[in-house]
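Trainee: predicted structure and sequence below. I'll ask about it afterward.
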Amino acid sequence: MTNIQKDYKLTSISDVNINGKDYLTYVRKAVKVFWTTKEKQLSVSGDSSNRGAVVGGKQMDGFISLLCKVAKESGVPTKCIITDKNYLPGYFRSSKDWDMLIIAPSGKLIAAIELKSQVGSYGNNFNNRTEEAIGSAVDLWTAFREGQFPNQQAPWVGWLMVVGRDEASQRIVHNYEPHFPVRPEFKGATYIDRYRILCQKLIRERQYSSAALVWTSDANNFGDVAADISICSFLASFVGHLNAVSYEFK
């Protein structure tokens, strides 16, 4: 049995209020940075397949700026927010470069965040995104279990995904079942459904402390896919953890 919801409604984001601070303007800026960067990368690469934008890696800089602002306003010193050379040791591999880390003055890992996006080429890249998300979490938590981050409580680990809202992402995806049936939640699911299911399961299975899925159709249109994986829920969880370990920064 599964408790993953089947009925949901894509909504616009009208409020991102965390502890009395509204971050909606910064979410809006992040989406604009995403589209501006994506279009520049495609223009430079001349690659109509969308690969140039998929692998560019800078589209999510606006969201990193948002997370940095949230962290600073939660009392995290700037020197503790790492957005360059964010390597953490793994268990199955030597290390992995995360998108953002928060490391306390004592050297304790407070938070690790990964940001991904996909607009177009869904069939080619959905499984890659899924495998990356699961693999990164399993590698980090196994390393934590094996004492790679000693003498500390578990870090907050987040995964934020931006997905395109278009005809291709909202089309029901064919399931391949030559030998065994797929799980019922994948029946009649679109690619946005699949990303929603992924995010909800990543949280339910405790692979990530929180996950967010933001849809966008252009620089001015964006929103949440489901309340439990909304950008507001994600930021609230992040802030809650930072507040709980505020003593690490004093």
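Mentor: Structure's in. What do you need?
Trainee: for the rest of this, base every contact and every neighbour count on C-alpha atoms.
Mentor: Fine.
Trainee: now stretch 103-111: buried residues?
Mentor: 103, 104, 108, 109, 110, 111 (16 or more other C-alpha atoms under 10 Å).
Trainee: so how far is residue 132 from the closest residue to residue 64 other than its chain neighbours?
Mentor: Leaving out its chain neighbours, the residue that sits closest to residue 64 by C-alpha to C-alpha, 6 or more residues apart in numbering is residue 100, at 7.3 Å. Using C-alpha to C-alpha, to the nearest Å, residue 100 is found at 16 Å from residue 132.
Trainee: the two: which is more packed in?
Mentor: residue 100 (22 against 14; other C-alpha atoms under 10 Å).
Trainee: residue nearest the centroid of the chain?
Mentor: residue 160 (1.3 Å; C-alpha atoms, centre = their mean).
Trainee: mind checking the SS state of it?
Mentor: strand (DSSP: H, G, I helix; E, B strand; the rest coil).
Trainee: next: residue 197.
Mentor: What three-state DSSP gives for residue 197 is helix.
Trainee: pLDDT score assigned to it?
Mentor: Predicted confidence (pLDDT) at residue 197: the value is 96.
Trainee: and what of residue 14?
Mentor: Residue 14 is given a pLDDT of 78.
Trainee: ditto for the one 5 residues further on
Mentor: At residue 19, the pLDDT value in this model is 88.
Trainee: what's the distance between it and residue 95?
Mentor: 35 Å.
Trainee: what about these two, which has more around it?
Mentor: Taking other C-alpha under 10 Å, residue 19 and residue 95 do not tie; residue 95 has more neighbours (15 against 10).
Trainee: contacts for the one helix or strand residue 157 maps to, please.
Mentor: Per DSSP states H and E, residue 157 falls inside strand 156-164. Defining contact as C-alpha atoms under 8 Å, 6 or more residues apart in numbering, one finds that strand 156-164 is touched by 110-120, 133, 192, 208-217, 234, 238, 241.
Trainee: which parts of this protein are strands?
Mentor: For the chain, the strands defined by DSSP state E cover 11-12, 17-18, 21-22, 81-82, 87-89, 95-97, 100-103, 109-118, 156-164, 210-218, 221-224.
Trainee: how far out from the middle of the chain is the longest one?
Mentor: Looking back up the chat, that one is strand 109-118. From the chain centre to the centre of strand 109-118 is a distance of 6 Å (C-alpha atoms, centre = their mean, to the nearest Å).
Trainee: so which elements touch it?
Mentor: Packing contacts for strand 109-118, counted by 3 or more C-alpha pairs under 8 Å, 6 or more residues apart in numbering; DSSP states H and E, involve strand 100-103, strand 156-164.
Trainee: pick the most buried one from those strands.
Mentor: strand 100-103 (a mean of 24; mean count of other C-alpha atoms under 10 Å).
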